[in-house]
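Peer 1: Coordinates only, no sequence provided:
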């Protein structure tokens, strides 16, 4: 299993939100580039960068993304606020290897199909849900869209990877909802990246021990910043 460190950017610095709530923000590094370099020095083979300002419709962190991509020699995947083809193109121009579509999966299906046609596997689906109910626009807006139905539709469209986030677990440090992730992985052949809940290396070991072959990676955020998970140790533990 691959451990993918997260850099959530707001106002040009690394932050973490509890349950995706912009009012429950903890600020960390003023220099996300140095944090990205530190993750790579610890063994990260990929980075996950989310532009929270773009997700909330309140600016962007494109300059920080560009600086991160130019400063590390590993692929960077990026999401947050990608609602048009031009948004995706700008992230790729900034150096990102992959772009994560979330809100657009529900609100802009035509754009999603066009993005898949143009960029193929460089486009990743990001399905964020509270239980079985999908949320969009930085997790602030609930929808009537069912998570499982959306996943089946995404596989039929041609997506090969999905990031599955349980919003209630994200930033809370309660561990992954392993049963939900196994359910998601069993629905389609898409490769699944787990997101939301890692607090200790034991959480990662438990996920890796239960995971089928297509549940092959996990995003870790707050636990790395607060020191409850050591990245190098975690990578070794699930290798």
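Peer 2: Yes, it's here. Remember, predicted model here, so these are calculated numbers, not experimental data.

Peer 1: which residues of the protein fall in strands?
Peer 2: Taking DSSP state E as the criterion, the chain contains strands spanning 2-10, 13-17, 25-27, 47-51, 76-79, 98-101, 123-130, 133-136, 141-146, 161-166, 191-195, 215-220.

Peer 1: Tell me, how many residues neighbour residue 89?
Peer 2: Neighbours of residue 89 under the rule other CB atoms under 10 Å: 15. For glycine as for every other residue, the C-beta is placed from the backbone atoms N, C-alpha and C.

Peer 1: For it, give its distance to residue 163.
Peer 2: With the distance defined as CB to CB, to the nearest Å, residue 89 ends up 20 Å from residue 163.

Peer 1: contacting residues for the residue nearest to residue 206 when sequence neighbours are not counted?
Peer 2: Nearest non-adjacent residue to residue 206, counting by CB to CB, 6 or more residues apart in numbering: residue 178, 6.3 Å away. Residues in contact with residue 178 (CB atoms under 8 Å, 6 or more residues apart in numbering) are 206, 207, 210.

Peer 1: And residue 184, by the same measure?
Peer 2: With contact set as CB under 8 Å, 6+ apart, residue 184 has these partners: 127, 147, 151, 162, 164, 192, 215.

Peer 1: ok, what's across the strand from the fifth one?
Peer 2: Per DSSP bridges, residues listed as beta-bridge partners of residue 164: residue 127, residue 194.

Peer 1: quick one on the thing from earlier: quick check: which of the strands of the chain is nearest to residue 227?
Peer 2: Nearest of the strands of the chain to residue 227, taken as CB to CB: strand 215-220 at 12.2 Å.

Peer 1: The closest one pairs with which strands?
Peer 2: Using DSSP bridges, strand 215-220 pairs in its sheet with strand 2-10 (parallel), strand 191-195 (parallel).

Peer 1: and of the strands of the chain, who's closest to residue 38?
Peer 2: Closest approach to residue 38 among the strands of the chain is made by strand 2-10 (9.1 Å; CB to CB).

Peer 1: Buried residues of the closest one, list them for me.
Peer 2: 3, 4, 5, 6, 7, 8, 9, 10 (16 or more other CB atoms under 10 Å).

Peer 1: Could you pull out the buried residues of stretch 150-160?
Peer 2: 150, 151, 153, 154, 155, 159, 160.

Peer 1: what does that stretch contact?
Peer 2: Under the criterion CB under 8 Å, 6+ apart, residues 105-106, 112-113, 116, 120-121, 123-125, 127, 134, 162, 184, 187-191 lie in contact with stretch 150-160.

Peer 1: Just the buried ones from the residues you listed?
Peer 2: Among the contacts of stretch 150-160, those classed as buried by 16+ other CB under 10 Å are 105-106, 112, 116, 123-125, 127, 134, 162, 184, 187-188, 190-191.
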